[in-house]
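Chemist: model the following, please.
(2 chains)
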Amino acid sequence: MSEHNFNSFKNFEVPNTWVKKAQNVPPQKQENNIIPFKKTLWVVACFALVIALSVCIFAFNNSEKHVTTNSEETKASEKNTDNAPDLSPAKSNMFEVPQNITPSYKPDSNDPTTANNICVGEFSASIAVGEGNIYCVLYDYKTGELMGDENLLATEHRAKIEDLGNGMVKATYNPVEKGVVKKSGEYWYVFYNELIMSPVQNYIYIYN
Amino acid sequence: MEQKRFANMTYEQVIDAYKQTVAGVCLMRLKNYADVEDCFQNTFFKLYQSCKQFESQEHLKAWLIRVAINECNKLLRNSKRLLPLTFSSKDTVSFPYDKCDISWALIKLDVKYRQVLYLHYVEDYQVSQIAQILDKNENTVKSLLRRGREKLKIIYTGESYE
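Modeler: Residues are numbered from 1 along each chain as shown, chains lettered A, B, ... in the order given. This next block holds a predicted model:
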């Protein structure tokens, strides 16, 4: 390569017009305090990203508060149950005691076949939900006062179930044995499932 | 208004000192006089707009070469012009055929060889300096130089000028 050269490049005469044009920098190009367009775009993009992140963090914090609130409520309600599903305690007026019903019978305390103090109900087996428990609660027929635990799903309200076949079950409940009713009198009993849906309600006279 | 200075030179002094270098780089890349002029102007305008502090004149020269190459690449991307292999048009850059002056052969090379050979033989840059200017690995530059020389030799020994 030593015998060769690139003099055409080295000796190229730059036209004077080119030099003069380069020297006469256009007025607008003399400004060096204008923020370049690309830099401006970057700044705007970063700013938008910061705002978007802030909004996301704010929304996340708010959703956390909802979850926390819900879990706190769940914990509070769980404390009130005694081995029963998570339902808030039913009040004494959960089931309305009908008024002005003339009892169809008043068992004779002298007749042991009638004075057995057992609440009985027959209904479709489909009424049993959840763990399949059926419960019974008694109300004072005259005052409407609920007998026993206000929590309608407490174990003292749990009835015995007998499968009758053909899709029917028979529930029985002795409130005297359970210690729910302590004095003789007129009562209204209600059989219900874990959803507090009542399949059977009736009048009973308890001897104690 | 205080005059801007670049490596202790005024803007006009820089143009005077490096017009040959910038024009040569643009000629090597573009081969069309109108485009060469545009890139020549833009390179110096970029310098004027820049707030860069140059450590030395060598630093300034290397910066000018880098910017000139970038301006040429940008123009080529925008216009999608291809480098002609013939010199039939009046507007195209042409170098006469010469047994000694092989500039005409250089511009026939692929751009990746053309750049490194130009910077080495015309601007007298070393491999490490070329690697810095073109932002390439030194081994890559050495390889391009070696292969570029081989291809250039094929052109100036094997082809006749038409």
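Chemist: quick check, the residue in chain B closest to chain A?
Modeler: Closest approach between chain B and chain A, counting by CB to the nearest CB: B:Ser103, at 3.6 Å. Backbone N, C-alpha and C define where each C-beta goes, glycine included.
Chemist: how far away is that residue from B:Leu144?
Modeler: Look at B:Ser103 and B:Leu144: by CB to CB, to the nearest Å, they are 19 Å apart.
Chemist: which one's more surrounded, these two?
Modeler: More crowded of B:Ser103 and B:Leu144, by other CB atoms under 10 Å in any protein chain shown: B:Ser103, with 27 against 22.
Chemist: helix or strand for the nearest residue to the more buried one once chain neighbours are set aside, which one?
Modeler: Nearest non-adjacent residue to B:Ser103, counting by CB to CB, 6 or more residues apart in numbering or on different chains: A:Ser8, 3.6 Å away. Using DSSP states H and E, A:Ser8 falls within helix A:7-10.
Chemist: quick one: is whichever helix or strand comes after that helix near chain B?
Modeler: Sequence-wise, the next helix or strand downstream of helix A:7-10 (DSSP H and E) is helix A:16-23. Yes - with CB under 8 Å from any CB of the partner chain as the criterion, chain B is reached by helix A:16-23 at A:18-19, A:21-23.
Chemist: identify the residues contacting the residue of chain A found nearest chain B.
Modeler: Per CB to the nearest CB, A:Ser8 is where chain A lies closest to chain B, at 3.6 Å. By CB atoms under 8 Å, 6 or more residues apart in numbering or on different chains, the contact list for A:Ser8 reads B:95-96, B:98, B:101, B:103-104.
Chemist: state the distance from the most centrally placed residue in chain B to B:Leu152.
Modeler: Among the residues of chain B, the one closest to the centroid is B:Val25, at 1.8 Å (CA atoms, centre = their mean). Going from B:Val25 to B:Leu152 by CB to CB gives 18 Å.
Chemist: could I get the full set of helices for chain B?
Modeler: B:11-30, B:33-49, B:57-79, B:103-106, B:111-121, B:127-134, B:138-158 (DSSP state H).
Chemist: check those helices for me and report the most buried one.
Modeler: Mean neighbour count, computed with mean count of other CB atoms under 10 Å in any protein chain shown, is highest for helix B:103-106 among those, reaching a mean of 24.
Chemist: gap between A:Ala171 and B:Gln20?
Modeler: In terms of CB to CB, A:Ala171 sits 110 Å off from B:Gln20.
Chemist: ok, A:Ala48 next?
Modeler: From A:Ala48 to B:Gln20 the distance is 47 Å (CB to CB).
Chemist: contacting residues around the residue lying closest to A:Ala22 once chain neighbours are set aside?
Modeler: Leaving aside its chain neighbours, A:Ala22 sits nearest to B:Phe44 (4.2 Å; criterion: CB to CB, 6+ apart). Contacts for B:Phe44 (CB under 8 Å, 6+ apart) come out as A:22, B:11, B:14-15, B:22.
Chemist: with B:Thr140 instead?
Modeler: Counted by CB under 8 Å, 6+ apart, B:Thr140 has contacts B:Ala131.
Chemist: equivalent analysis for B:Asn139, please.
Modeler: By CB under 8 Å, 6+ apart, B:Asn139 has no neighbours at all.
Chemist: what residues does chain B have near chain A?
Modeler: Near chain A, when you scan chain B using CB under 8 Å from any CB, you find B:11-12, B:15-16, B:19-20, B:23-24, B:27-28, B:37, B:40-41, B:44-45, B:48-49, B:51, B:95-96, B:98, B:100-104, B:106, B:118, B:121-122, B:149, B:156.
Chemist: what are the pairing partners of the lowest-mean-pLDDT helix or strand in chain B, and which direction each?
Modeler: When each helix and strand of chain B is scored by mean pLDDT, DSSP states H and E, strand B:5-6 comes last, with a mean of 86. With DSSP bridges as the test, strand B:5-6 is paired with strand B:9-10 (antiparallel).
Chemist: show residues contacting the strand it pairs with.
Modeler: B:3-4, B:17, B:57, B:60.
Chemist: if we can go back for a sec, skip the chain neighbours and tell me the closest residue to the residue nearest to the centre of chain B.
Modeler: B:Ala68 is the one closest to B:Val25 (CB to CB, 6+ apart), at 4.3 Å.
Chemist: give me the pLDDT for the one you found.
Modeler: Looking at B:Ala68, its pLDDT reads 95.
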